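S.K.: Got a predicted structure here, sequence first:
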Amino acid sequence: MQPFIDNARLFGQRPEEFAKLAEGQSPEVLFITCADSRVVPVLITGARPGQLFELRTAGNIVPPYASEQPTSEAATIEYAVEVLGVRHIVVCGHSHCGAVGAVVRGDDLDAVPAVRNWLAHAADELNCSDPADPTFAEAVQHHVVTQLLRLRSYPCVDKLLQADRLTLHGWYYEVHTGAVREHRAKSDSFETL
């Protein structure tokens, strides 16, 4: 913990670098990814403060839209597109994902009921032809595409997609290589950016 504390102390000693951020934010991208500590959006993209609006969830799950029971995820998505006016949404899954692996393997999650109930949002969509593959690449990539489709059910997202004012992107990040691949709709495959 001490290195983090030391950096935080130094970080606050450069106020001139951050003064402009007090004027507000206008990120171009909503970046939805897993809460996994190995996935760091600003390192992957090179973004500076104020450039990415981030939504991190276990397994980069976008829950089904339900207006009668709003979720933090739905509020974040709605705020990003309606208030901040983001032009792009990236859903970024990653290799070696513990959430996807737990669903593919059918792990017993009774000891962590909140995790079990959250991952139920992905239970019907995930399968893998090689469940012994530690990267779970096939399952994660399918999961990313499913989350992109689920985003389309959000009224605020659908409205902007129809108006051609929003673009969705599906990314797959390999934690063991640093490589990033993007889903290409024409070939329905993930290809190098």
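M.R.: Alright, I've got the coordinates. Since the structure is predicted, the reported quantities are computational estimates derived from the model, not experimental observations. Residues are numbered from 1 along each chain as shown.
S.K.: So for stretch 145-157, what gets flagged as buried?
M.R.: Across stretch 145-157, burial judged by 16 or more other CB atoms under 10 Å covers 145, 146, 147, 148, 150, 151, 154, 156, 157. Backbone N, C-alpha and C define where each C-beta goes, glycine included.
S.K.: Which residues outside it are in contact with it?
M.R.: 32, 60-65, 67, 74, 77-78, 81-82, 89, 91, 93, 122, 125, 158, 161, 166, 168, 170, 183, 188 (CB atoms under 8 Å, 6 or more residues apart in numbering).
S.K.: Next: stretch 56-76.
M.R.: By CB under 8 Å, 6+ apart, the residues outside stretch 56-76 that reach it are 30, 32-35, 53, 55, 77, 91-94, 97, 99-100, 103, 115, 118-119, 121-122, 143-144, 147, 150-151, 153-155.
S.K.: Mind doing that once more with 6 Å?
M.R.: 32-35, 55, 93, 99-100, 118, 121-122, 147, 150-151, 153-154 (CB atoms under 6 Å, 6 or more residues apart in numbering).
S.K.: Check for me that residue 93 belongs to a helix.
M.R.: No. Residue 93 is assigned strand when assessed by DSSP: H, G, I helix; E, B strand; the rest coil, not a helix.
S.K.: Return the subset of the contacts of stretch 145-157 lying in strands.
M.R.: Secondary structure from DSSP state E places 32, 89, 91, 93, 168, 170, 183 of the contacts of stretch 145-157 in strands.
S.K.: Can you tell me which of the residues you listed is closest to residue 132?
M.R.: Among the ones in strands among the contacts of stretch 145-157, residue 93 lies closest to residue 132 (CB to CB), at 19.1 Å.
S.K.: Quick check: which of the contacts of stretch 56-76 has the minimum pLDDT.
M.R.: In this model, the minimum pLDDT among the contacts of stretch 56-76 belongs to residue 122 (88).
S.K.: Helix or strand for the nearest residue to residue 81 once chain neighbours are set aside, just tell me which one.
M.R.: Closest residue to residue 81 apart from its sequence neighbours, by CB to CB, 6 or more residues apart in numbering: residue 156 at 4.9 Å. Taking DSSP states H and E as the criterion, residue 156 maps to helix 155-162.
S.K.: Format the CA atom coordinates belonging to the helix-or-strand element of the chain with minimal mean pLDDT as CSV.
M.R.: Least confident helix or strand, the chain: helix 15-18 with a mean of 78, by mean pLDDT, DSSP states H and E. Only the C-alpha atoms of helix 15-18 are listed here, as CSV (Å, rounded to 0.1, in the frame of the first residue of the first chain):
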residue,chain,number,x,y,z
PRO,A,15,-2.2,21.2,-9.5
GLU,A,16,-1.4,23.2,-12.7
GLU,A,17,-1.8,19.9,-14.7
PHE,A,18,-5.3,19.3,-13.3
